[in-house]
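Student: Attaching a predicted model along with its sequence, questions to come.
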Amino acid sequence: MKKEDNANLPVPSFTKLQNIGLTAEDFDIKNENLRSRILIEDLKIYAYHGVLPEEKTIGTYYLVNAEIHADLWKAAQSDHLEDTINYAEINDIIHREMEIPSLLLERVIGRIIQKLEEKFPQITYIKIKLTKT
């Protein structure tokens, strides 16, 4: 397909799924284990968090970075979405929790971690960095 053939194709609705990557760190075929790291980098979201009145009314941009560890062996074997951690669902959880105004960033991070652990029990480690820009 030539570049000009793509001109009339619709723009995908998942364009906010950028800066997401997967790293396979340790593959153990004997024990059927594939330790993997999912990285979400510099996800930019506008939100209303903070104690000051202007933070609650004007809001600001935040950068969210996440590192998630999990055993993704089953997905590596099956090629089925239900056997992995769906990046789009991670993205949706982060966006939904960022939409809920909070006084403390600790509360926002706590909610994100809790929702991710509830949705994906195969997660073994979560690191969230939330930066006000």
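Tutor: Received it, and whenever you're ready, just let me know what you need.
Student: what kind of secondary structure is L130 in?
Tutor: Judged by DSSP: H, G, I helix; E, B strand; the rest coil, the three-state class of L130 is strand.
Student: Excluding chain neighbours, what is closest to it?
Tutor: L105 (5.2 Å; CB to CB, 6 or more residues apart in numbering). All C-beta spots, glycine's among them, are computed from the backbone N, C-alpha and C.
Student: That neighbour contacts I128, correct?
Tutor: No - if you go by CB atoms under 8 Å, L105 and I128 don't touch, sitting 9.7 Å apart.
Student: So the two - more neighbours on which side?
Tutor: When L105 and I128 are compared for neighbours, I128 comes out ahead with 19 against 16, by other CB atoms under 10 Å.
Student: and the closest residue to that one other than its chain neighbours, what helix or strand is that in?
Tutor: Of all residues not flanking I128 in the chain, I109 sits nearest, at 4.8 Å (CB to CB, 6+ apart). Using DSSP states H and E, I109 falls within helix 105-119.
Student: next one: L103
Tutor: Using DSSP H and E, no helix or strand contains L103.
Student: For it, give its distance to D92.
Tutor: Applying CB to CB, to the nearest Å, the value for L103 to D92 is 24 Å.
Student: just E106 next, same as before
Tutor: 22 Å.
Student: what do you get for K74?
Tutor: 22 Å.
Student: cool, V51 as well?
Tutor: As for V51, its distance to D92 is 27 Å (criterion: CB to CB).
Student: Using the three-state scheme, assign I45.
Tutor: strand.
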